[in-house]
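[1] just a sequence and a predicted model for now, questions to come.
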Amino acid sequence: MDLNLVRNIGIMAHIDAGKTTLTERILFYTGKSHKLGEVHDGKAQMDWMKQEQERGITITAAATTCYWKEHRINIIDTPGHVDFTVEVERSLRVLDGAIAVFCAVGGVEPQSEAVWQQSHKYNVPKIAFINKMDRPGADFLGVVKSIETDLGANAIPMQIPIGAEDKFRGVIDLLEMKAFIHDDAAPDSDISVEDIPAEYLADAQKYHHILVEKAVELDDTLMAKYFEGEAGITKPELIQAIRKGAIANKVVPVLCGAAFKNKGVRKLLDAVTMYLPAPLDLPPVKGTDPSDPTKIIERRPDDAEPFTALAFKVQADPHMGKLVYFRVYSGKLEAGGHVLNVTKDRKERMIRILQMHANQRENRSDIHAGEIAVGIGLEHTVTGDTLCDPAHPILLESIEFPAPVISISIKPIAQADKDRLGKGLSRLSEEDPTFSVHVDQETEETILSGMGELHLEIIVDRLKHEFSANVTAGQPKVAYKETIINTAVEKYKHVKQTGGHGQYAHVELEVSPGKPGEGFEFENSISQGAIPREFIPAVEKGVIDAMHKGVLAGYPVVDVKVDLVDGSFHEVDSSELAFRTAARECFKRAFSKAGPVLLEPYMSLEITTPAEYMGNIVGHVCSKRGKVLAIEGRADRSRNNRDSAAATQVIEAEAPLSEMFGYVSTLRSLSSGRANYSMHFEKYLQVPFEIAEQIIEAAAKRSQS
């Protein structure tokens, strides 16, 4: 297929903005499905997981392909809940464009902002769709203004709505200057094209003029033409200028509708084909030569180029085994062909290639540049790995993921569940880079770590239903860390004499606090060969060994700088093992002297509440060691409160994760169910002394029992 007619797009938004409902309408109008699936009925095709259908939310990014006016559109529907932000991150890494969906009532919500920043990280062009124009309180222009002020976007309204709330009837297309009226009584909400109603003509002319002004700023030729008279500028010229600006991330075209009522979806599909980029519109993908990381290699989206792809998602399927989603940047590959996993330096065979439609699949004989597909047979491939032609290796930039901040313990109920649990955890940790598993050697507990309570709840539910592992889960635990606040120097000599060769290593380490969030830094200040060069890596490994369990309560050590300042060796008895052991013991002693402290994860909270409940909510946050950073009044856009400048209050706060377990129930109780909130990890801060003592005491009891 002509790559100019291909669009690889994602649909992203805050939870409950209507992403999945919009995707269902897109599939219906493009002929991919013949029945509308509803999220609230648990029948949405893209929410195929049992856990998604039960909760009415998207948990995993689902891929599909459809066609609109000769264009092939590959779509990934992403979750909106902050616990599943990994799905958005890895999808945006491989997509060419995105539809950002906003609720016409809620506007720019906390997770809207988060996914917007993620899209900026990967320079993904966007169009905005303001959904739910039929809801009480819908305010199209208010949301456009919020997109500009809160997100810093140069928004261009391509439409204005005709009516709002229960009187929302359609849109005025500001390019065509025609009204597109939806007939609710007709099947599938038929559209009639009419002249702009008289009461909307002045607004339409005003926003058409704004559209033209913003478009000509993107093209010097059009700007010159504009000065000669606005009437001389044609519709195709405006489309081309806006397309150019959108692809360069200079503007964001804005459309509106009500997906649930089937309004505005077809015009949005037109906008996808007009303003979002084809693979050929974007620069060639860049990577490095695996044998020479300083050498940059470029690959163009062309079948004649060597095959290059990035694995961006792994999924465990009970019938098919391991499914690896990958985006092809260049070249083509036939099913059964061999690829090189450059990241792992392993050659693998792509036994089958599948085209996905949510959890439905069809076999492909081959795959081409610019496409997204699933491979079977890639046993060693995980998220972020580069796949390429074995004769032309290239290493693409991988994907970075946030570290887990919350843990629970889990154990099988019966012996038969133990094997199923192990298999399930192995598959799920392969799927999700923000989920990790380890066994506490002292308590022999299996510890699961993730991004939030819902994240871990879903993991446990999947273990029970997908892998038939009957398990019980313990209470959530916080992922504490240990660090130091002072500098200390320590010497340690490891001497062990047995029959034959003994062990000898002598090191002197200086440990000091590192910058918050920068992790571990190792420096070698040895001079005049006091320790031979070949033993220096063993010293660093020994320090890293010791950092896995800190001296206070056994939590991982972070943000320290270690300088190897002196030492000595024995020509016969010194070895890598001896220096690794010496470094480990020396670091522990130095760490104990350097003012060790506990760190705990602090969460960023944004709470939206009616004004009458604000006092109770603020008081509760403060009682949980939280700190209120700002309180802002937001005008309530509902009918009854249009004149109230602060009917709704937005509270921005920080609070320790350990105090936030079960917060959703508390907030409902404090606000009679009318407040809502979003929470995401912000930073690590020092635990107060009294609480740190309790944590250390509890850790000591666990190690003794």
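    On my side now, so go ahead.
[2] shaky segments in the stretch 551-700 of the chain?
    Per-residue confidence for the stretch 551-700 of the chain (pLDDT under 70) gives these ranges: 634-647.
[3] ugh, typo on my part, it should be the stretch 351-500 of the chain
    Where the stretch 351-500 of the chain drops to pLDDT under 70, the residues are 358-359, 440-444, 498-500.
[4] what about the strands in it?
    Counting by DSSP state E, counting those that start in this stretch, the stretch 351-500 of the chain has these strands, from start to end: 352-357, 360-364, 366-367, 372-376, 386-388, 395-396, 406-412, 436-439, 446-450, 471-473, 477-478, 481-484, 488-496.
[5] what helices and strands are in contact with the third one?
    Under the contact criterion of 3 or more Cβ pairs under 8 Å, 6 or more residues apart in numbering; DSSP states H and E, strand 366-367 touches strand 333-334. To be clear about C-beta, it is placed using only N, CA and C from the backbone, and glycine gets the same treatment.
[6] you'd agree residue 86 is up against residue 432?
    Yes: with contact defined as Cβ atoms under 8 Å, residue 86 and residue 432 form a contacting pair (6.4 Å).
[7] overlap in contacts of the two?
    Taking Cβ atoms under 8 Å, 6 or more residues apart in numbering as the contact criterion, no residue touches both residue 86 and residue 432.
[8] and the helix or strand harbouring residue 605 with strand 406-412, angle?
    When elements are assigned from DSSP states H and E, residue 605 belongs to strand 596-610. Using axes from the mean of the first three to the mean of the last three Cα atoms, to 10 degrees, the direction of strand 596-610 lies 100 degrees away from that of strand 406-412.
[9] coming back round to it: for residue 211, which of the strands of the stretch 351-500 of the chain is the nearest?
    For the strands of the stretch 351-500 of the chain, distance to residue 211 was read as Cβ to Cβ. The smallest value, 32.4 Å, belongs to strand 372-376.
[10] give me phi/psi at residue 546?
    When read as degrees, to the nearest 10, the backbone of residue 546 gives phi -70, psi -30.
[11] tell me how many other residues crowd it.
    The criterion is other Cβ atoms under 10 Å. On that basis, residue 546 has 22 neighbouring residues.
[12] what's the answer for residue 26, then?
    Residue neighbour count, defined by other Cβ under 10 Å, stands at 27 for residue 26.
[13] same question for residue 534.
    The number of residues near residue 534, taken as other Cβ under 10 Å, comes to 10.
[14] repeat that for residue 502.
    15.
[15] same question for residue 318.
    Counted with other Cβ under 10 Å, residues neighbouring residue 318 total 9.
[16] low pLDDT regions in the stretch 1-150 of the chain?
    For the stretch 1-150 of the chain, the stretches flagged by pLDDT under 70 are 1, 32-61, 79-85, 110.
[17] how about the strands in it?
    If DSSP E, counting those that start in this stretch is used as the criterion, the strands of the stretch 1-150 of the chain fall at 6-13, 62-68, 71-77, 97-103, 126-131.
[18] dump the second one to CSV, keeping only the CA atoms.
    As requested, C-alpha coordinates have been extracted for strand 62-68 and formatted as CSV (Å, rounded to 0.1, in the frame of the first residue of the first chain):
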residue,chain,number,x,y,z
ALA,A,62,-5.3,-2.6,22.2
ALA,A,63,-4.4,-2.3,18.5
THR,A,64,-6.6,-2.5,15.4
THR,A,65,-6.6,-1.5,11.7
CYS,A,66,-9.4,0.1,9.7
TYR,A,67,-9.8,2.0,6.4
TRP,A,68,-11.3,5.4,5.7
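[19] just checking: what are the partner strands of that strand?
    Strand pairing for strand 62-68, determined by DSSP bridges: strand 71-77 (antiparallel).
[20] what angle do the partner strand and strand 352-357 make?
    Direction vectors for strand 71-77 and strand 352-357, defined by the same axes, to 10 degrees, enclose an angle of 80 degrees.
[21] and the angle for strand 71-77 with strand 372-376?
    For strand 71-77 and strand 372-376, the angle between their directions (the same axes, to 10 degrees) works out to 60 degrees.
[22] hmm, who's touching strand 71-77?
    By Cβ under 8 Å, 6+ apart, the residues outside strand 71-77 that reach it are 1, 5-11, 19-20, 23, 26, 30, 46, 58, 61-67, 91, 95, 269, 272-273, 371-372.
[23] how does it look with 6 Å?
    The contact list for strand 71-77, computed with Cβ atoms under 6 Å, 6 or more residues apart in numbering, reads 1, 5-11, 19-20, 23, 46, 61-66, 91, 273, 372.
[24] what does stretch 297-317 give?
    3, 90, 93-94, 279-280, 284-287, 289, 323-333, 368-370, 381-383, 385-389, 392, 394, 396, 427, 430-431.
[25] next: stretch 336-348.
    Contacts of stretch 336-348 with the rest of the structure, by Cβ under 6 Å, 6+ apart, involve 290, 349-350, 378, 380-381, 385-388, 390, 393, 395.
[26] can you tell me which of these are buried?
    290, 350, 378, 381, 385-388, 393, 395 (16 or more other Cβ atoms under 10 Å).
[27] what segments of the stretch 401-550 of the chain are helices?
    Shown for the stretch 401-550 of the chain, the helices assigned by DSSP state H, counting those that start in this stretch span residues 415-431, 453-466, 536-547.
[28] want to throw those helices into JSON lines with distance to residue 688?
    As requested, the helices of the stretch 401-550 of the chain are arranged in JSON lines below (distance: least, Cβ to Cβ, whole Å):
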{"stretch": "helix 415-431", "distance to residue 688": "33"}
{"stretch": "helix 453-466", "distance to residue 688": "23"}
{"stretch": "helix 536-547", "distance to residue 688": "24"}
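[29] in PyMOL, how would I select the buried members of the contacts of strand 71-77?
    The buried subset of these, as determined by 16+ other Cβ under 10 Å, is captured in PyMOL by this line:
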select buried, resi 6+7+8+9+10+11+19+20+23+46+61+62+63+64+65+66+91+273+372
